[in-house]
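Visitor: next come a sequence and a model predicted from it.
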Amino acid sequence: MALIVHKYGGTSMGSTERIRNVAKRVAKWARAGHQMVVVPSAMSGETNRLLGLAKELSPASTTPALLRELDMIASTGEQVSVGLLAIALQAEGLEAVSYTGWQVPVRTDSSFTKARIQSIDDARVRADLAAGRVVIIAGFQGLDENDNITTLGRGGSDTSAVAVAAAMKAHECLIYTDVDGVYTTDPRIVPEARRLATVSFEEMLEMASLGSKVLQIRSVEFAGKYRVPLRVLSSFTPWDIDIAEEARSGTLITFEEDEKMEQAVVAGIAFNRDEAKITVLGVPDKPGIAFQILGPVAEANIDIDVIIQNVSHDGKTDFSFTVHRNDYARTIELLNTKVVPQTAATNVVGDPKICKVSIVGIGMRSHVGVASKMFRVLADEGINIQMITTSEIKTSVVIDEKYMELAVRALHKAFDLDQPTG
Ligand code: ADP
Ligand code: ASP
Ligand code: MG
């Protein structure tokens, strides 16, 4: 008998019919003798609907007081889901009990709308499991030290599930979603994308951080830190398929370097449309300038991603970086008021219609010429590269948003990701 955590995403919980299916699947696992903890998301579209209501009342505000209320509102989506799933499980003849994040409790820091889990008290959950109950815990939510409700950022139920699995030392955490695993790239953009039977933890971490939303990045971080066995699989297979077959399906995140002889150089392609580019023109090229520009941005709690400083002409240089698109207007305003006067910069310009496309693979460590091949493929398609950033196992480029799909498809083909591997 093993302790297993299942996580079901919004689409998998999207209607009462689908919730019934989730209940039947969970009941199958429970009847096979496993202790089951289930972490569902809000029904699909619900979190957007809830946040949309708040936006109608206050379109632009991002004050801490408002963010607190956003979490109050958004967390209700998951509360409905856990109750519905508990009822569906009881209808299947199982004993099931649902908890919100704060009933467990799941403790987080106080960064409303993007809180980080700090601890999970599993005493109550363990007692229920010992009494033979299926326990359902609301994803995405927690409680800060002042007992304010917090949420973990969009897609955060993945992180709730992995964190629960880590805290309870679960045998495995199974992330059930609307695709049957992790693909070489988003199968919605490239129909030829292939499912990966395994993906290394490091590759998954990069893919998630670079935009593959199949797993929230923090869930992958948790899995790595606590070595949680993690698998992504489909909730749309018939619920009554053979349990051993189901347990082998999907994509396993592996922690050991893959022993396969033929390690693909590039494992996958990620893309991200959420960023915007900002350039501060004509700043003096002298020590401290990066800090003078980015210091106030960091102080305003705005995350910075790709950074480029150009060579100087006549003692002046241009400085570009990217921020989340939601922070675009705020950053430009901040630079105009706090940075331009102090640095005597000539101007601040920006482009919110960019995207970042990345190739990821641990094979890149031992192969040269991978990045240059990427640049050639993009050149052949007439796509201009605006920024480049690399690490040991990834190369990212910032390009015009309108070329995103073309770039992803061309790279997917050029790196043979549509071909079965040996
Ligand atoms: P859930 O609601 O179950 O959490 P998400 O919508 O958050 O589901 O994540 C699943 C989606 O992630 C898929 O429908 C797919 O479009 C997208 N996706 C992006 N990149 C990938 C990838 N590399 N492999 C699989 N799915 C991906
Ligand atoms: N319901 C939340 C969201 O839509 C959390 C999740 O689905 O993982 O972002
Ligand atoms: Mg998700």
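Guide: Yes, it's here. Ligands and ions are numbered 1, 2, ... in the order given.

Visitor: helix/strand/coil for Lys7?
Guide: strand (DSSP: H, G, I helix; E, B strand; the rest coil).

Visitor: so it makes contact with Gly139?
Guide: Yes. Counting by Cβ atoms under 8 Å, Lys7 touches Gly139, with 6.7 Å between them. All C-beta atoms are positioned from the backbone trio N, CA, C, and that covers glycine.

Visitor: which residues do the two both contact?
Guide: Residues touching both Lys7 and Gly139 by Cβ atoms under 8 Å, 6 or more residues apart in numbering: Val39, Pro40, Ser41, Ser157, Asp158, Ser160, Ala161.

Visitor: can you narrow those to ones near ligand 2?
Guide: When contact is defined as Cβ under 6 Å from any ligand atom, the shared contacts of Lys7 and Gly139 meet ligand 2 at Ser41, Ser157, Asp158.

Visitor: what is the nearest of the residues you listed to ligand 3?
Guide: The closest of those to ligand 3 turns out to be Asp158 (Cβ to the ion; 5.7 Å).

Visitor: need phi/psi at the closest one.
Guide: phi -60, psi -40 (degrees, to the nearest 10).

Visitor: burial measure for the residue of the chain found nearest ligand 3, as a count.
Guide: Nearest residue of the chain to ligand 3: Gly155, at 4.1 Å (Cβ to the ion). Per other Cβ atoms under 10 Å, the neighbour tally for Gly155 reads 21.

Visitor: so what's Thr251 closest to, chain neighbours aside?
Guide: Using Cβ to Cβ, 6 or more residues apart in numbering and skipping residues adjacent in sequence, the residue nearest Thr251 is Gly181, 3.6 Å away.

Visitor: wait, Ile120
Guide: Nearest non-adjacent residue to Ile120, counting by Cβ to Cβ, 6+ apart: Ala167, 4.0 Å away.

Visitor: give me every residue that touches the one you found.
Guide: Each residue near Ala167 by Cβ under 8 Å, 6+ apart is listed here: Ser119, Ile120, Asp122.

Visitor: could you pick out the buried ones from these?
Guide: Buried subset of those (neighbour count, 16 or more other Cβ atoms under 10 Å): Ile120, Asp122.

Visitor: kindly indicate which of the contacts of Ala167 lies nearest Asp327.
Guide: Ser119 (29.6 Å; Cβ to Cβ).

Visitor: bridging residues for the closest one?
Guide: Note on Ser119: beta-bridge partners by DSSP bridges are Arg107.

Visitor: begin at 23, not 1, for the rest of this chat.
Guide: New numbering, starting at 23: the last item is Ser141.

Visitor: tell me the contacts of it?
Guide: Contacts of Ser141 were listed using Cβ under 8 Å, 6+ apart, and they are Val128, Arg129, Ala189.

Visitor: isn't the second one right up against Gly164?
Guide: Yes. Arg129 lies in contact with Gly164 (Cβ under 8 Å); the separation is 6.2 Å.

Visitor: joint contacts of those two?
Guide: Residues touching both Arg129 and Gly164 by Cβ under 8 Å, 6+ apart: Ile139.

Visitor: burial of Ala393, as a residue count?
Guide: A total of 16 residues lie near Ala393 under the criterion other Cβ under 10 Å.

Visitor: check the one 3 residues further on too.
Guide: Look at Met396: counted by other Cβ under 10 Å, it has 26 neighbours.

Visitor: quick revisit: pLDDT score assigned to the residue nearest to Ile142?
Guide: If you check Ala189, the pLDDT there is 97.

Visitor: so how far is ligand 2 from it?
Guide: Distance of Ala189 to ligand 2, given as Cβ to the nearest ligand atom, to the nearest Å: 18 Å.

Visitor: next, that residue: phi, psi?
Guide: Main-chain torsions, Ala189, degrees, to the nearest 10: phi -60, psi -40.

Visitor: hmm, back to that, report how many residues lie close to the residue nearest to the residue of the chain closest to ligand 3 when sequence neighbours are not counted.
Guide: With sequence-adjacent residues excluded and distances taken as Cβ to Cβ, 6+ apart, Gly177 is closest to Gln238, at 3.8 Å. Using other Cβ under 10 Å, Gln238 has 23 neighbouring residues.

Visitor: my guess is Gln238 contacts Gly175. True?
Guide: Yes. Using Cβ under 8 Å, Gln238 is in contact with Gly175, at 6.9 Å.

Visitor: check the residue lying closest to Val204 once chain neighbours are set aside and give its pLDDT.
Guide: The shortest distance from Val204 to any non-neighbouring residue, by Cβ to Cβ, 6+ apart, is to Thr273 (4.1 Å). On pLDDT, Thr273 comes in at 97.

Visitor: same thing with Leu218?
Guide: For Leu218, the predicted pLDDT is 96.

Visitor: for it, phi and psi?
Guide: phi -100, psi 130.

Visitor: what residues does the stretch 123-272 of the chain put near ligand 3?
Guide: Gly177 (Cβ under 5 Å from the ion).

Visitor: which helix or strand contains Val119?
Guide: strand 118-121 (DSSP states H and E).

Visitor: do I have it right that Pro209 meets Asp200?
Guide: No. If you go by Cβ under 8 Å, Pro209 and Asp200 don't touch, sitting 10.3 Å apart.

Visitor: ChimeraX command to pick out the buried ones of the shared contacts of Lys29 and Gly161?
Guide: In ChimeraX, a selection of the buried entries from those looks like this (16+ other Cβ under 10 Å):
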select :61,62,63,179,180,182,183
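
Visitor: what about the residue nearest to Val204, distance to Ser120?
Guide: Separation of Thr273 from Ser120 (Cβ to Cβ, to the nearest Å): 28 Å.

Visitor: residues of this structure that sit close to ligand 1?
Guide: So the chain meets ligand 1 at 31-34, 63, 177, 199-201, 204-205, 207-208, 210, 234-236, 290 (Cβ under 6 Å from any ligand atom).
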